[in-house]
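Visitor: Structure for the following, please:
(one chain, ligands or ions: 1)
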Amino acid sequence: MQIKKTTPLGAEVSDIDLSNVLTESDHNLIKEAFLDNLVLIFKNQKLTPQNLLMAASVWGSPQQHPVFKGLEEHPEIIKIENFGAKYHTNAHWHSDVTFEKEPPDATILYAIDVPSVGGNTLFANQYLAYDSLEDQLKEKLENLVAVNTNKSVIFLAGADPSLQKSVNHPVFRTHPETGKKALFVTQAFVERIEGLTDKESGEILIKLYSQASHERFRYEHKWHNGDMVVWDNRCVQHFAVHDHGDKTRTLHRITVSGSKPY
Ligand SMILES: [Fe+2]
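Guide: The predicted structure is shown next:
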């Protein structure tokens, strides 16, 4: 197994077949590389839904999505398809499912049939986004929480509006495994910062969103069929670019269990 890092986040892991059961040493190396690099890329994989579930379990227990329905036989796997630019549900900066009390630690995407051009996914390092904020703003927001809501997902899924809910999470999250702090507000799901006026909350959020998605913190992934990519939702935000019109873009997606952010 080889690990080739990219900056400012991401690493390609090669010479490994994820359809096999991993040895303990490979398992540990992968977990370590994950915490160091935040996004891992495994190319040229051939994974059945069962293989994908087994591979995903390296990062936690696969979960069912609270809103989107999974595959009939494997409800933990969501099929991501291109429904055209009108339903570009993932073309916004976010960390997955932060409107839950315990958002997933990691997300795994596996490319089944992706366009030769377009449909890239952008990833941004939220440790760096936090580290390079001004000290004054860090101090001001240190113990504040933001309201995360599922409104946009309910709307896009055409789900029952009575399922709308919100939960408070810290503006800065401490990663439970690395102990490092990361920016944890997302343009997709955060409504406001508690304890500030609407005006101030709005102004600060605009600044934080621009910080979270800044180009100097990004890795852009160009998909090929057979790519499996996993990222750490505790310290990464992502954005699925919709620039491929109606071209087929099909991936399988799994999220794994997480814990309450602090
Ligand atoms: Fe996502």
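
Visitor: Close to the ion: what parts of the protein are there?
Guide: Residues of the chain found near the ion (Cβ under 5 Å from the ion) are Asn90, Asp96. Any C-beta I mention is one placed from the backbone N, CA and C, and that applies to glycine too.

Visitor: Ranking helices and strands of the chain by mean pLDDT, which lands last?
Guide: Lowest mean confidence among the helices and strands of the chain (mean pLDDT, DSSP states H and E): helix 151-157, at a mean of 82.

Visitor: gap between that one and the chain center?
Guide: Chain-centre distance of helix 151-157: 17 Å, with Cα atoms, centre = their mean, to the nearest Å.

Visitor: do the same with stretch 186-202
Guide: Counting by Cα atoms, centre = their mean, stretch 186-202 is centred 21 Å from the centre of its parent chain.

Visitor: do stretch 69-85 as well
Guide: Computed by Cα atoms, centre = their mean, the chain-centroid distance of stretch 69-85 equals 16 Å.

Visitor: pLDDT weak spots in this protein?
Guide: Flagging of the chain using pLDDT under 70 yields the residue ranges 86-89.

Visitor: now the helices: where do they sit in it?
Guide: For the chain, the helices defined by DSSP state H cover 24-37, 49-56, 126-131, 135-141, 151-157, 198-212.

Visitor: Okay, buried residues for the first one please.
Guide: Translated: helix 24-37. Residues of helix 24-37 classed as buried: Asp26, Leu29, Ile30, Ala33, Phe34, Asn37 (neighbour count, 16 or more other Cβ atoms under 10 Å).

Visitor: can I get the helices of the chain in CSV with distance to His175?
Guide: Putting these into CSV (distance: least, Cβ to Cβ, whole Å) gives the following:
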stretch, distance to His175
helix 24-37, 8
helix 49-56, 20
helix 126-131, 8
helix 135-141, 16
helix 151-157, 24
helix 198-212, 16
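
Visitor: which of those sits most buried?
Guide: helix 126-131 (a mean of 22; mean count of other Cβ atoms under 10 Å).

Visitor: Just list what that one packs against, helices and strands only.
Guide: Judged by 3 or more Cβ pairs under 8 Å, 6 or more residues apart in numbering; DSSP states H and E, helix 126-131 is in contact with strand 181-183, helix 198-212.
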